[in-house]
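# Kindly generate the corresponding structure for this input.
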Amino acid sequence: MMFYEVHKFHVGKSIDEKALERFLNDLSGEVISVFPNVVPKFQFMGATAGFDTLIIIEKTI
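Residues are numbered from 1 along each chain as shown. Next comes the predicted model:
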């Protein structure tokens, strides 16, 4: 039987690569997917999209 865990990794204005690397290396299972949580951002010239967290799916035993 396979179990999955969902993790959130907070991202500020840019991704801290070293912190993300440490986070991924500390996981005990297999990383299945990493994708951004897309949120709308409204700026002076119009609307665009950005992301505030990375969603990480881990397969555990």
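# For the residue nearest the centre of the chain, what is the enclosing helix or strand?
By CA atoms, centre = their mean, the mean C-alpha position of the chain lies nearest to Leu54, the distance being 1.3 Å. With the criterion set as DSSP states H and E, the secondary-structure element containing Leu54 is strand 46-60.
# Just the C-alphas of that strand, formatted as PDB.
Once non-C-alpha atoms are left out, strand 46-60 reads as follows in PDB (Å, rounded to 0.1, in the frame of the first residue of the first chain):
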ATOM      1  CA  GLY A  46      -2.700  45.200 -15.000                       C
ATOM      2  CA  ALA A  47      -3.000  41.800 -13.600                       C
ATOM      3  CA  THR A  48      -0.500  38.900 -13.700                       C
ATOM      4  CA  ALA A  49       0.200  35.700 -11.900                       C
ATOM      5  CA  GLY A  50       2.800  34.700  -9.400                       C
ATOM      6  CA  PHE A  51       3.300  32.000  -6.800                       C
ATOM      7  CA  ASP A  52       3.600  32.000  -3.000                       C
ATOM      8  CA  THR A  53       4.300  28.400  -2.200                       C
ATOM      9  CA  LEU A  54       5.600  25.200  -3.800                       C
ATOM     10  CA  ILE A  55       3.400  22.100  -3.300                       C
ATOM     11  CA  ILE A  56       5.600  19.000  -2.900                       C
ATOM     12  CA  ILE A  57       4.100  15.500  -3.100                       C
ATOM     13  CA  GLU A  58       6.100  12.800  -1.400                       C
ATOM     14  CA  LYS A  59       5.400   9.000  -1.700                       C
ATOM     15  CA  THR A  60       6.100   7.300   1.600                       C
END
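# For the protein, just list every one of the helices.
In order along the chain, the chain carries the following helices (DSSP state H): 17-26.
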